[in-house]
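A.B. asks: Give the three-dimensional model of this entry:
(2 chains)
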Amino acid sequence: KAGVTQTPRYLIKTRGQQVTLSCSPISGHRSVSWYQQTPGQGLQFLFEYFSETQRNKGNFPGRFSGRQFSNSRSEMNVSTLELGDSALYLCASSRQGGDGYTFGSGTRLTVV
Amino acid sequence: AQSVTQLDSQVPVFEEAPVELRCNYSSSVSVYLFWYVQYPNQGLQLLLKYLSGSTLVKGINGFEAEFNKSQTSFHLRKPSVHISDTAEYFCAFIMNTGFQKLVFGTGTRLLVSP
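C.D. replies: Numbering: from 1, shown residues only, chains lettered A, B, ... in the order given. Down below sits the predicted model:
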């Protein structure tokens, strides 16, 4: 079966711009989570959506937002990009959440 | 505070030797435990998970892990490693309270040489 698909794979943006990342979960998975991975901070939780509702949120500023559509696809948006937002953004999906997540290959965002 | 500790940032080992990657966790509530592997420029791949039941869990690629509640540990082992096992390994947990957030360790880089 198809895995978690993230688009685009690579992205270069300028400071102050905004960006939207997309994630298509595994068919039948209703929980979608987003994580930021950086060399300095490691893997940090951004937020989790289940059936179009944000259930959990990490400690990130309001510039980071997301949403989930009725087909469980999810988007993540970062506004007013800063250099420190350069990272690998990973999306993960699960049927319910607690039974483990399947991750996509990530979107590598570089802010210049 | 909820946290995962992976004491070894890097573990060098020769091909066909056994390996153990250590993981300890701290949580005030029960947790579900996971090991993930990350190859360069890739996402995370689930190796194995402990949700309940037998404390010895077998995963993909010949890996296994043992849950020890008294020592709050979940060490990953493989009896004989291959060059292709060279990667970053992450231990993580989710609290079983319904808060769906994976708490990750800082990772252990396994370096397998011939």
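
A.B. asks: contacts and neighbour counts: CA atoms only from here.
C.D. replies: Fine.

A.B. asks: partners of the closest residue in space to B:Gly107 that isn't next to it in sequence in the sheet?
C.D. replies: In space, and not counting its chain neighbours, B:Gly107 is closest to B:Phe90: 4.6 Å by C-alpha to C-alpha, 6 or more residues apart in numbering or on different chains. Note on B:Phe90: beta-bridge partners by DSSP bridges are B:Tyr36.

A.B. asks: Enumerate every residue touching B:Phe90.
C.D. replies: B:35-38, B:104-108 (C-alpha atoms under 8 Å, 6 or more residues apart in numbering or on different chains).

A.B. asks: Out of those residues, which end up buried?
C.D. replies: Using 16 or more other C-alpha atoms under 10 Å in any protein chain shown as the burial test, the contacts of B:Phe90 include B:35-38, B:104-108 as buried.

A.B. asks: Alongside chain B, which residues does chain A contribute?
C.D. replies: With C-alpha under 8 Å from any C-alpha of the partner chain as the criterion, chain A comes near chain B at residues A:42-45, A:47-48, A:55-56, A:90, A:97-106.

A.B. asks: Filter these down to the ones in helices?
C.D. replies: Counting by DSSP state H, those place none of their members in helices.

A.B. asks: What's the PyMOL line that selects buried ones from the residues you listed?
C.D. replies: Applying 16+ other C-alpha under 10 Å to those, the buried members can be selected in PyMOL as follows:
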select buried, chain A and resi 43+44+45+47+48+55+56+90+97+98+99+100+101+102+103+104+105+106
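
A.B. asks: Specify the beta-bridge partners of residue 31.
C.D. replies: Chain wasn't specified; assuming chain A. Here A:Ser31, judged by DSSP bridges, has bridge partners A:Phe50, A:Ser94.

A.B. asks: wrong one, chain B
C.D. replies: Assigned bridge partners for B:Val31, using DSSP bridges, are B:Met95.

A.B. asks: list the contacts for it?
C.D. replies: B:51, B:93-96.

A.B. asks: 7 Å instead, please
C.D. replies: Contacts for B:Val31 (C-alpha atoms under 7 Å, 6 or more residues apart in numbering or on different chains) come out as B:93-96.

A.B. asks: Identify, from those, the entry nearest to B:Lys78.
C.D. replies: B:Phe93 (20.5 Å; C-alpha to C-alpha).

A.B. asks: isn't A:Phe48 right next to A:Ser33, touching?
C.D. replies: Actually, residue A:48 is Glu. It isn't Phe. Yes: under the criterion of C-alpha atoms under 7 Å, A:Glu48 makes contact with A:Ser33 at 4.1 Å.

A.B. asks: how close does the closest residue to chain A within chain B sit to A:Ser105?
C.D. replies: Of all residues in chain B, B:Gly43 sits closest to chain A, at 4.0 Å by C-alpha to the nearest C-alpha. With distances taken as C-alpha to C-alpha, to the nearest Å, B:Gly43 is found 4 Å from A:Ser105.

A.B. asks: what residues do the two have in common as contacts?
C.D. replies: Common neighbours of B:Gly43 and A:Ser105 (C-alpha under 7 Å, 6+ apart) are A:Leu90.

A.B. asks: Next, the contact list for the residue in chain A positioned nearest to chain B, please.
C.D. replies: Using C-alpha to the nearest C-alpha, the point where chain A gets nearest to chain B is A:Ser105, with a distance of 4.0 Å. Listed by C-alpha under 7 Å, 6+ apart, the contact set of A:Ser105 reads A:6, A:90, B:42-43.
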